[in-house]
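Asker: with the sequence up front, the predicted model follows.
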Amino acid sequence: MIASRRAKVEDRHRDRLPDSADADPREVLDYLRQYSGIDIPRWVLQADITDALTLNNWLWWEDRRRELHFLKAGRDRNVFLSQIGRQIGVGKQGVLDRIDRLEALLRYDRPNEKITREARNAARASRDRRPVEQAWINTHHDELVAVIDGLVAQAGRYRIDDDDREWIDEIAVDVREDDLTPSTMVILGLAAAELRTSPAVLALNSTRPHGVHSVLSRADKLRSEFAELGNAASAKSTTQ
C-alpha cells in the first residue's frame with residue numbers, strides 16, 4: 001500500500017523503497033522517516049503514518065518472540081542464568097521472571113499475574129456479548145444499511161480508485177447479501193477510514209459541511225453505540 005501510494009504521486013525517491021514481499025519492515029520505516037518531506041502530498045503522509053505504526057507494532061511483537069526464543073535457548077543450553085541476565089540487566093531470578101512474562105504476553109497479549117482469570121473473564125464476556133451485539137445489529141439494520149449505502153455512494157461520487165476502496169467494496173457485499181454481523185461493524189470502521197483519508201475528501205473545504213462528512217459522522221455514531229455494548233459487557237464481567 002505504501003509503495004502504491006508513493007507511485008501514484010510520482011515520489012522521486014520511489015526506487016529506494018523496499019517493496020518486495022520479503023522486504024525488511026525496518027527498511028520501509030527508515031524510508032518513511034527519510035523521504036516524507038514537503039514534496040509528498042499531505043494525504044499520502046497521513047496514510048503512511050497508519051501503515052508505519054502497523055509495521056512498528058508487528059516489529060515490537062516479533063522482537064518479543066525473538067527475545068523469548070533466545071532466553072529459553074540459553075537456559076536449555078545450560079548458559080549460566082547470571083550470564084544471560086547481564087545481557088538484559090537483571091539477575092538470575094529476573095531471567096526466569098522475564099521468560100514467564102514473555103510467555104504470558106505472547107499467549108494472552110498482556111503480562112499479568114492474574115492472566116488466567118482475566119482470560120476466562122474475557123472469554124465469558126465475548127461469549128455473552130455475541131447475542132447482544134447481533135440483537136443490536138438487527139434492531140439497527142435499516143439505519144446501518146442506509147449508512148453503508150451512503151459510504152458506497154460517496155466513494156463513487158469522489159471517484160475513489162478500486163485499489164483504495166477494498167473495505168468499502170467488502171462492506172457493500174454484506175449489504176447486498178443481507179448478512180450484517182458484528183464483523184460488519186469492524187469493516188464499517190475500515191471503510192469509513194478509506195473514505196475519510198481519500199485525497200478528494202481531504203481536499204474539501206473544511207469551513208463548511210459536506211454530505212460525505214454527514215455520512216461519516218453517522219457511521220462513527222453507530223460504531224460508538226456498538227462499542228458501548230462491549231464496554232458494558234466487560235464491566236459486568238469484572239463485577240462478577
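Answerer: Here it is on my side, so go on.

Asker: longest helix of the protein?
Answerer: Longest helix in the chain by number of residues (criterion: DSSP state H): helix 42-76.

Asker: distance between that one and the chain's centre?
Answerer: Distance of helix 42-76 from its chain centroid, counting by C-alpha atoms, centre = their mean, to the nearest Å, is 13 Å.

Asker: can you check stretch 185-193 too?
Answerer: 11 Å.

Asker: cool, and stretch 211-218?
Answerer: For stretch 211-218, the distance to the chain centre is 22 Å (C-alpha atoms, centre = their mean).

Asker: what does it rub up against?
Answerer: The contact list for stretch 211-218 (C-beta atoms under 8 Å, 6 or more residues apart in numbering) reads 143, 147, 150-151, 154, 157-158, 192, 195-196, 201, 204. Every residue, glycine included, has its C-beta placed from N, CA and C.

Asker: and that stretch, which residues are buried?
Answerer: Neighbour counts over stretch 211-218 (16 or more other C-beta atoms under 10 Å) mark 212, 215-216, 218 as buried.

Asker: please narrow those to those residing in helices.
Answerer: Those of these lying in helices (DSSP H): 212, 215-216, 218.

Asker: which one among these gets closest to Glu166?
Answerer: Leu216 (17.5 Å; C-beta to C-beta).

Asker: quick revisit: and the longest helix of the chain, what's buried?
Answerer: So, applying 16+ other C-beta under 10 Å, buried residues of helix 42-76: 43-44, 47-48, 52, 55, 68, 71, 74.

Asker: quick one: the helices in this protein?
Answerer: In the chain, the helices defined using DSSP H lie at 2-8, 25-34, 42-76, 81-88, 92-108, 115-139, 141-157, 166-176, 182-196, 199-202, 211-239.

Asker: per-domain residue ranges of the protein.
Answerer: Listed domain ranges for the chain are 2-111, 118-239 (source: automatic domain parsing).

Asker: report the central residue of the protein.
Answerer: Per C-alpha atoms, centre = their mean, the C-alpha nearest to the average position across the chain is that of Thr54, at 6.7 Å.

Asker: quick one: that one from Asp97, how far?
Answerer: 30 Å (C-beta to C-beta, to the nearest Å).
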